[in-house]
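Asker: Starting from these lines, generate the structure:
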Amino acid sequence: MPSSVIHSYAYDRASAALEVTFFSGRRYRYFLVPPYVADGLDQAFSMGRYFNERIRDRFPFEELETAAEAAISASAAISPGRGSQRRP
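Answerer: Numbers count the residues shown, from 1 in each chain. As a prediction, the model looks like this:
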């Protein structure tokens with residue numbers, strides 16, 4: 001069933017890492033998530049409820065950059081700052 005909170009997720013079995021993107025735009029990577037827990041998201045009647053009960057606050061995690069933050073960072077990295085412009 002589609003979720004009103006979770007936009008998308010991806011699970012990497014090799015590293016047992018689960019990446020979750022919320023409709024708010026925030027992204028998180030959860031570590032040491034067993035395959036059966038990640039698989040449960042597909043089968044859950046409510047992904048949000050399943051996530052809150054079985055994943056949130058139960059596994060180590062890190063917050064990832066949002067797509068907008070990544071675009072700003074990339075733009076800043078390739079755009080010269082004022083201090084690097086030459087004077088005539």
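Asker: Poorly predicted segments of the chain, please.
Answerer: 1-2, 67-88 (pLDDT under 70).
Asker: And the helices in it?
Answerer: In order along the chain, the chain carries the following helices (DSSP state H): 35-43, 47-54, 67-78.
Asker: Show me how far the second one is from its chain's centre.
Answerer: When you say that, I think you mean helix 47-54. Taking the mean C-alpha point of helix 47-54 and that of its whole chain, the gap between them comes to 16 Å (CA atoms, centre = their mean, to the nearest Å).
Asker: ok, F31 - how many residues close by?
Answerer: One way to gauge burial is a neighbour count; for F31, by other CB atoms under 10 Å, it gives 12. (C-beta placed from N, C-alpha, C; glycine too.)
Asker: Next up, phi/psi of the closest residue to it other than its chain neighbours, please.
Answerer: With CB to CB, 6 or more residues apart in numbering as the criterion, F31 has its nearest non-adjacent residue at 4.7 Å, and that residue is P60. For P60, the backbone dihedrals are phi -60, psi 150 (criterion: degrees, to the nearest 10).
Asker: what number of residues lie near P60?
Answerer: The burial count for P60: 9, using other CB under 10 Å.
Asker: Same question for R29.
Answerer: Burial of R29, expressed as a neighbour count using other CB under 10 Å, amounts to 18.
Asker: Check Y11 too.
Answerer: A count of nearby residues for Y11, using other CB under 10 Å, gives 18.
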